[in-house]
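# Just need the structure, nothing else, for what follows:
(chains A and B)
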Amino acid sequence: AQKVTQAQTEISVVEKEDVTLDCVYETRDTTYYLFWYKQPPSGELVFLIRRNSFDEQNEISGRYSWNFQKSTSSFNFTITASQVVDSAVYFCALAGGSYIPTFGRGTSLIVHP
Amino acid sequence: EPEVTQTPSHQVTQMGQEVILRCVPISNHLYFYWYRQILGQKVEFLVSFYNNEISEKSEIFDDQFSVERPDGSNFTLKIRSTKLEDSAMYFCASWTASGNTIYFGEGSWLTVV
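Residues are numbered from 1 along each chain as shown, chains lettered A, B, ... in the order given. This next block holds a predicted model:
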């Protein structure tokens, strides 16, 4: 069985603050894929990143960065200099050998002006 | 950018009626999925479809649900006799495991009254 835990239910920050969204996963598969999706108020799931289990290189995309640590089974997401438009629910997901993504419960990020 | 398209975007139906939600996955993808998200809750797996048959289904996917890929392009989810608790956003997704990511459609919002 696989499991994704996003312990932070809601995070509230003021614009320009940095914020880190935590994701901890469990799986028995040796090959797996990790994802982050953004769900804005309009409801769609917007793909942000996919990471393969064999690629622990961290990634930066503009204000977004991801820290994949196999040793702690974590795949955390940091937004630098947050903006109001970053307000959304963010989901971490894991897919193992069955290629079926399991989602965490999501973290609601509220960025105040 | 490739996209998964879903119709309808929103449907209101009376309890007990049959509903069909339609999806056009990305053409060269091999894995297809339906997920459900009750308002404010997590994204839950319903069913996966591979090689023209169901590969896995969750406990939620009981006898009132069915999926079909009738013509090699459309991928449908049928709910035979809707209940109030079926009110949710239904997401279709597709993936080719060698590809970049799992793509989600924009969702079909089902309201059962």
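
# Tell me the buried residues in whichever strand or helix holds residue A:109?
Applying DSSP states H and E as the criterion places residue A:109 in strand A:107-112. Neighbour counts using 16 or more other CB atoms under 10 Å in any protein chain shown place A:107-109, A:111 of strand A:107-112 among the buried residues. (C-beta placed from N, C-alpha, C; glycine too.)

# any residue of stretch A:46-65 up close to chain B?
Yes: contact of stretch A:46-65 with chain B (CB under 8 Å from any CB of the partner chain) involves A:47, A:50.

# The most centrally placed residue in chain B bridge partners, please.
Central residue of chain B (CA atoms, centre = their mean): residue B:34, 3.3 Å from the mean position. For residue B:34, the residues forming beta bridges with it (DSSP bridges) are residue B:47, residue B:92.

# can you check residue A:75 too?
residue A:68.

# what pLDDT does it get?
In this model, residue A:75 is scored at 97, pLDDT.

# With residue A:34 instead?
95.

# Also residue B:74?
pLDDT recorded at residue B:74 is 91.

# Same check on residue B:1?
At residue B:1, pLDDT is 68.

# go on, the one 3 residues further on?
Reported pLDDT at residue B:4 in the predicted model: 93.

# count of neighbours near it?
22 (other CB atoms under 10 Å in any protein chain shown).

# My guess is it contacts residue B:25. True?
Yes: using CB atoms under 8 Å, residue B:4 is in contact with residue B:25, at 5.5 Å.

# joint contacts of those two?
B:92-94 (CB atoms under 8 Å, 6 or more residues apart in numbering or on different chains).

# Who are the contact partners of residue B:95?
Residue B:95 neighbours (CB under 8 Å, 6+ apart): A:99, B:29-31, B:33, B:101-103.

# So which residues on chain A come close to chain B?
A:35, A:37, A:43-45, A:47, A:50, A:91, A:93, A:95, A:98-106.

# Can you flag the buried ones in those?
Using 16+ other CB under 10 Å, the buried ones in the residues of chain A next to chain B are A:35, A:37, A:45, A:50, A:91, A:93, A:95, A:99-106.

# Residue numbers of chain B in contact with chain A?
Checking chain B against chain A by CB under 8 Å from any CB, the hits are B:31, B:33, B:35, B:41-45, B:48, B:50, B:55-56, B:89, B:91, B:93, B:95, B:97, B:100-107, B:109.

# When you filter the residues you listed down to buried only, what's left?
B:31, B:33, B:35, B:42-45, B:48, B:50, B:89, B:91, B:93, B:95, B:101-107, B:109.

# any idea which helix or strand of chain A has the worst average confidence?
When the helices and strands of chain A are compared on mean pLDDT, DSSP states H and E, strand A:59-61 comes out lowest with a mean of 87.

# How far away from the center of its chain is that strand?
Offset of strand A:59-61 from its chain centre (CA atoms, centre = their mean, to the nearest Å): 13 Å.

# Just checking: what are the partner strands of it?
As assigned by DSSP bridges, strand A:59-61 forms pairs with strand A:64-69 (antiparallel).

# CA-only coordinates of the strand it pairs with in PDB, if you can.
Below are the C-alpha coordinates for strand A:64-69, written out as PDB (Å, rounded to 0.1, in the frame of the first residue of the first chain):
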ATOM      1  CA  TYR A  64       9.200  27.200  -7.100                       C
ATOM      2  CA  SER A  65      11.700  24.600  -5.800                       C
ATOM      3  CA  TRP A  66      11.400  21.000  -4.700                       C
ATOM      4  CA  ASN A  67      13.500  19.100  -2.300                       C
ATOM      5  CA  PHE A  68      13.400  15.300  -2.700                       C
ATOM      6  CA  GLN A  69      15.000  13.300   0.100                       C
END
